[in-house]
Structures are given as structure tokens and as C-alpha cells.
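>>> Give the three-dimensional model of this entry:
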Amino acid sequence: MAWFNRKDKGIQTPTSDKKDLPEGLWYKSPSGKILHTRELQQNAYVCPDDNYHVRIGSKEYFEILFDNDEFEELDAEMSSANPLEFQDTKPYPKRIEASQKKTGLKDAVRTGVGKVNGHDLVVSCMDFSFIGGSMGSVVGEKIARGIEYSLKNNIPFMMISKSGGARMMEAGLSLMQMAKTSAKLAQLSEAKIPYISLMTDPTTGGVTASYAMLGDFNIAEPNALIGFAGPRVIRETIGKDLPKGFQRSEFLLEHGFLDFIVDRRELKSKIASLLSMLGF
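Next up is the predicted model:
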């Protein structure tokens, strides 16, 4: 049984000949199925076996929505400062710098202008990978400028929300973004320019309490967590068990908070049809 025992305990393959498995080559769905990332990408990042919508960022949403992934990015270089001189275990500017390096993003939102099946559309999309998609001054300002672009050019505006809420490092300045973006959306409404709000998993805190819920059309992806405070906090506050599926898209649709739920694979065609019906 010599073949069963390893005689030489040294490295059999020279280090120079070893190959690293590319990171992110495979994805394991919640149901346990292993998918190749290329298959997942071709399916709009939706697991085909259980319809699970994988969390994605602005890069992927722009690829899905804009024709040929062609768009103009607005205010691409805008970055957060430290107006309150916030200091914690890690200084705020250092945290911003680390997040920019890790994600390749300047902040938690990007705004693009392009065409969706031939229809002009301004899209602001949040990135949860950047400090939990938290809403700070830059996020509010970039969204406000995106709305201004829609106003000046008579182009519908779409917001894709994915956030843990207001950015604590900017305190009151972060909360002020709720009022600023809401005021801009009121101007958009007065100008009769459509605003479509897409809520994805998760959409919480000050984002939900402001622009995410102010759409002419409030829509969401399947099974997305949407609410102000999290279920655990609410449960502990009221001392009662919450209904099944509480704060999920389907629950909100049933109770009149959403207009419809859209599968990400149908998102582009649904938005294009909506814009066409609205005469844009």
C-alpha cells in the first residue's frame, strides 16, 4: 500500500508553477447552489434557482439599465470633507480614503445620464460597499445636482437606493440632506417631470424617510428590506413579535407602500415601458 502513504512530504509542485484561483470566480446562493460568476452576471445577478437578488452596486446597475453601458457621469470627482472634524478610533478622512481605495468609488452614490431602450434618463445609484451606503453631504449634493440636471433638460429622474441610513460622522449635516433632496424633488414634481424610486436591499434610515419614498412611482426588488429602523430595534421597542415578512418588499406592496415589485432581469424593459407611457 505504498501508493496510499505519501513518501515525500515536501512540496510536489514548484511554487513558480502554482496557479491562484481567481477571486470571485464562484458564488454560493442562499439555497446552497454554486454558480459561476459569469452565469450570474448574464442573469442580471439573480440566482436562477431561487430568484435571490444578489446585492450589486452602481457599476452593475448602469450596465443593466443603460444602452450599451454608455452614459455620462455627473460630478464624478466629488468627495467628502470633514466639516465637523469627527474623530473616532479612525479619523473620518482616513476612513473615506480607505473606502475609496477599497471600492474604487469617490462616495456612496454615482449619477449617470444615458438612454434606456432609447429613452433619456438620469439615474442616481447608491453603493452599499461605501461605508454602508450612508447618506452624507456628498450623497445629498450629488442627488440634488442630478435632479437639477433633470430639471434643466426635462429628463426623468430615477433613484436607486441601497443604504444603512444617515452618515453618523457628519451628524446634523447628514440629516440636512433629507430636506435638501426632498425640496429638489418637489421642484421636479412642479415641473411635471417623472421621478422613479427603486428601493433595493437594504433601504433604511434617513434615506427611506426622505427621497426613497417620495417617488411618483415607488418600486422595489423582490424581498428587499425597506424601513426606517431595523426589525430588531422595533421588536425590542414595542416588545412584540413582528408579522412574517415585516419590512420586506412584498409586505410593503400588500400594505400600499409600493406601486409594484420588479424582477431585476425585467428592470430595463419595465422602466422603458413606463417612460414610454409617460410620454418621455
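
>>> Make sure Val46 is actually in contact with Arg265.
Yes: when contacts are counted by Cβ atoms under 8 Å, Val46 is listed as touching Arg265 (5.7 Å). C-beta coordinates here come from the backbone N, C-alpha and C atoms, glycine included.

>>> Comparing those two, which residue is more hemmed in?
The neighbour comparison of Val46 against Arg265 (other Cβ atoms under 10 Å) goes to Val46, with 18 against 15.

>>> What's the per-residue pLDDT of the more buried one here?
Looking at Val46, its pLDDT is 95.

>>> same question, Arg232
So Arg232 comes in at 84 (pLDDT).

>>> Check which residues of the host helix or strand of it are buried.
For Arg232, the enclosing helix or strand under DSSP states H and E is helix 231-238. Using 16 or more other Cβ atoms under 10 Å as the burial criterion, none of the residues of helix 231-238 qualify.

>>> who's in contact with the helix or strand following that helix?
Sequence order places helix 249-254 as the next helix or strand after helix 231-238, per DSSP H and E. Residues outside helix 249-254 that contact it (Cβ atoms under 8 Å, 6 or more residues apart in numbering): Met199, Ala220, Glu221, Pro222, Asn223, Ala224, Ile226, Pro243, Gly245, Leu258, Phe260, Ile261.

>>> just checking, next helix/strand downstream of helix 249-254?
Taking DSSP H and E, what comes next after helix 249-254 is strand 260-261.

>>> Could you list every helix and strand in contact with that next one?
In terms of contacts (3 or more Cβ pairs under 8 Å, 6 or more residues apart in numbering; DSSP states H and E), strand 260-261 is packed against strand 217-220, helix 249-254.

>>> what's Asp201 in contact with, if anything?
Going by Cβ under 8 Å, 6+ apart, Asp201 touches His53, Arg55, Lys162, Glu221, Asn223, Ala224, Leu225.

>>> That one: what secondary structure?
strand (DSSP: H, G, I helix; E, B strand; the rest coil).

>>> What pLDDT does the model give it?
Listed pLDDT for Asp201 reads 95.

>>> Doesn't Ser197 belong to a strand?
Yes: checked against three-state DSSP, Ser197 lies within a strand.

>>> looking at it, it is touching Tyr211, isn't it?
Yes: judged on Cβ under 8 Å, Ser197 makes contact with Tyr211 at a distance of 7.0 Å.

>>> Looking at these two, which one has more neighbours?
Neighbours of Ser197 and Tyr211, each counted by other Cβ under 10 Å, are more numerous for Tyr211; the result is 27 against 23.

>>> per-residue confidence for that one?
Looking at Tyr211, its pLDDT is 97.

>>> cool, the one 10 residues further on as well?
Each residue has a pLDDT score; the one for Glu221 is 98.

>>> related to what we said a few turns ago, what would the helix holding Arg232 look like as PDB? C-alpha coordinates only.
Listed next in PDB are the C-alpha coordinates belonging to helix 231-238 (Å, rounded to 0.1, in the frame of the first residue of the first chain):
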ATOM      1  CA  PRO A 231     -36.800  44.800  12.700                       C
ATOM      2  CA  ARG A 232     -34.700  44.000  15.800                       C
ATOM      3  CA  VAL A 233     -34.900  47.600  17.100                       C
ATOM      4  CA  ILE A 234     -38.700  47.800  16.500                       C
ATOM      5  CA  ARG A 235     -39.200  44.400  18.200                       C
ATOM      6  CA  GLU A 236     -37.300  45.500  21.200                       C
ATOM      7  CA  THR A 237     -39.100  48.800  21.400                       C
ATOM      8  CA  ILE A 238     -42.700  47.500  21.200                       C
END
